[in-house]
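> Could you work out the structure for the sequence below:
(chains A and B)
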Amino acid sequence: GDSVTQMEGPVTLSEEAFLTINCTYTATGYPSLFWYVQYPGEGLQLLLKATKADDKGSNKGFEATYRKETTSFHLEKGSVQVSDSAVYFCALSDPLESGGSQGNLIFGKGTKLSVKP
Amino acid sequence: DGGITQSPKYLFRKEGQNVTLSCEQNLNHDAMYWYRQDPGQGLRLIYYSQIVNDFQKGDIAEGYSVSREKKESFPLTVTSAQKNPTAFYLCASSMGLVIYNEQFFGPGTRLTVL
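Numbers count the residues shown, from 1 in each chain, chains lettered A, B, ... in the order given. As a prediction, this is how the structure comes out:
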């Protein structure tokens, strides 16, 4: 079945450092890809998404490009802030996922980011 | 303000008791979901519902039950048959089961079984 693999955390960076969180996927069809963010004690919020190959999602300085050839959707930010400290989840939604559960999200395990001042 | 509410935020129950977690949305979304989150496990789908009076099992439905009598409500019951119910439970909704539709999440309920 479909799956999402994220780099293991935790990731600790200093403020203004460059961030990369790797995400790769396996899917039967041509999925849509998402990054969600979870701040401590809260639910998840959509950070960005891409619905087809070569699309770039971006929001709040974060970017990720849908790379079909490498089945990847790595999250990047040029200069992180303390307020970016959170857990980041990569997810996919596959139209050909078995069982007819199209539209359901499959999540990676999450990567915890801590940014120090 | 439109959104999803879950209550309570923290819930404590004794082992062997059934407990119901509330999820309400005023986004007029057709689809609703329940996830379980454990440390280091990511999110796992318990149940989902595309429309009123219809719901489907997710990956870890055993020991849980749901109902969808109203479009805006999707309560989850954690039964005594669930072997390890202590977890963080997240409810979500989306416009429909279309692959590019964003899911909106509630703030979660942390259930602790003593």
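> which bits of chain B sit near chain A?
Counting by CB under 8 Å from any CB of the partner chain, chain B comes close to chain A at B:4, B:6, B:31, B:33, B:40-45, B:48, B:56, B:58, B:90, B:92, B:94, B:96-108. From N, CA and C alone the C-beta is placed, and that goes for glycine too.
> hmm, try it at 7 Å
Contact residues (CB under 7 Å from any CB of the partner chain) of chain B with chain A: B:31, B:40-43, B:45, B:48, B:90, B:96-103, B:105-108.
> Now restrict the residues you listed to buried residues only.
Buried members of the residues of chain B next to chain A, scored by 16 or more other CB atoms under 10 Å in any protein chain shown, are B:31, B:42-43, B:45, B:48, B:90, B:97, B:99-103, B:105-108.
> Among the residues you listed, which lie within strands?
Using DSSP state E, the members of those that fall within strands are B:31, B:42-43, B:45, B:48, B:90, B:105.
> okay, who's weakest in the residues you listed by pLDDT?
Among those, residue B:42 carries the lowest pLDDT, at 84.
> So what sits opposite it in the bridge?
Counting by DSSP bridges, residue B:42 is bridged to residue B:38.
> which ones are touching it?
A:89, A:107-110 (CB atoms under 7 Å, 6 or more residues apart in numbering or on different chains).
> JSON lines please, covering these and showing distance to residue A:9, secondary structure and neighbour count.
What follows is these, written out as JSON lines (distance: CB to CB, whole Å; DSSP: H, G, I helix; E, B strand; the rest coil; neighbours: other CB atoms under 10 Å in any protein chain shown):
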{"residue": "A:89", "distance to residue A:9": "11", "secondary structure": "strand", "neighbour count": "26"}
{"residue": "A:107", "distance to residue A:9": "14", "secondary structure": "strand", "neighbour count": "22"}
{"residue": "A:108", "distance to residue A:9": "11", "secondary structure": "coil", "neighbour count": "25"}
{"residue": "A:109", "distance to residue A:9": "9", "secondary structure": "coil", "neighbour count": "19"}
{"residue": "A:110", "distance to residue A:9": "8", "secondary structure": "coil", "neighbour count": "25"}
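> which of those residues come close to chain B?
Answer for these near chain B (CB under 7 Å from any CB): A:89, A:107-110.
> so which of the residues you listed would you say is closest to residue B:67?
Taking CB to CB as the measure, residue B:67 sits nearest to residue A:107 out of those, at 24.8 Å.
> which one of the ones next to chain B among the contacts of residue B:42 sits closest to residue A:40?
residue A:110 (12.7 Å).
> separation between the closest one and residue B:88?
12 Å (CB to CB, to the nearest Å).
> OK, contacts around the residue nearest the centre of chain B?
Centroid-nearest residue in chain B, with CA atoms, centre = their mean: residue B:34, separated by 2.8 Å. Residues near residue B:34 by CB under 7 Å, 6+ apart: B:46-47, B:66, B:76, B:89, B:91.
> And what about it, helix, strand or coil?
At residue B:34 the chain is in strand, as set by DSSP: H, G, I helix; E, B strand; the rest coil.
> Chain A against chain B: which residues are in contact?
When proximity is defined as CB under 7 Å from any CB, chain A approaches chain B at A:31-32, A:42-44, A:46, A:49, A:51, A:89, A:93-95, A:102-105, A:107-110.
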